[in-house]
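In: quick one, fold the following:
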Amino acid sequence: MMTTIAVVAIVGIIFIFSFFYFTNVMGNAVRGGEGNLNVLSNEKFTIYKSESCGCCSGYASFLRSKGLDAEVVDLASTNADSVKEKYGIPPDMRTCHTTIVGEYFVEGHVPLEAIAKLVKEKPSIKGIALPGMPSGSPGMPGKKYGDFVIYSISNNGSVGEFMRI
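Out: This is a model prediction of the structure:
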């Protein structure tokens with residue numbers, strides 16, 4: 001009888017630990033390290049996207065679900081490149097949508113951890129980009145595979161690694 005109670009207690013402790021570990025530690029890793037959202041709470045996110053893009057709407061919904069101010073501007077597909085040209089986004093860094101946060105552009109499905117770092121550190125760059133539409137990134141379905149490599153675009157247009165998530 002006593003061993004049964006001990007086993008049930010141990011299983012219960014393991015369950016509770018696992019629940020908190022996976023919802024807090026692993027959840028932040030999958031969602032992009034959202035522990036520092038307070039840096040973003042006063043920022044406005046303006047998302048420029050083509051009218052027909054569904055994943056861009058998913059990104060906007062993701063931002064709003066975190067309590068962030070996200071405005072969507074639908075563009076005809078012929079006008080989408082004009083926004084990217086205006087902000088000096090190199091062709092190989094361009095994705096389906098461009099988000100403006102403060103004085104920076106954020107190109108693609110960039111996790112909040114990278115945007116928070118950008119806003120907090122205020123580097124002397126034009127913006128950051130996550131090329132492609134990686135599975136498991138904010139607004140994209142599927143599991144995350146490998147690191148997300150977020151690139152910085154300097155004021156002279158050169159590209160370098162900003163961070164990996």
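In: in the strand or helix carrying E71, which residues are buried?
Out: Assigned by DSSP states H and E, E71 belongs to strand 69-75. By 16 or more other C-beta atoms under 10 Å, the buried positions in strand 69-75 come out as A70, V72, L75. Heads up, the C-betas are built off the backbone N, CA and C, glycines and all.
In: list the neighbouring strands of that strand plus their orientation.
Out: strand 44-50 (parallel) (DSSP bridges).
In: residues in contact with Y145?
Out: Residues near Y145 by C-beta atoms under 8 Å, 6 or more residues apart in numbering: P134, S135, G136.
In: write a PyMOL command that selects only the buried members of those.
Out: Burial among the contacts of Y145 is assessed by 16+ other C-beta under 10 Å; the matching PyMOL selection reads:
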select buried, resi 134+136
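In: count the residues that sit near V119.
Out: 18 (other C-beta atoms under 10 Å).
In: equivalent analysis for G54, please.
Out: By other C-beta under 10 Å, 9 other residues sit near G54.
In: and it, what does it touch?
Out: Applying C-beta under 8 Å, 6+ apart, no residues contact G54.
In: roughly how far apart are it and S41?
Out: 27 Å (C-beta to C-beta, to the nearest Å).
In: H97 too?
Out: Taking C-beta to C-beta, one finds H97 at 22 Å from S41.
In: low-confidence regions, this structure specifically.
Out: When residues are selected by pLDDT under 70, those of the chain lie in 1-36, 77-78.
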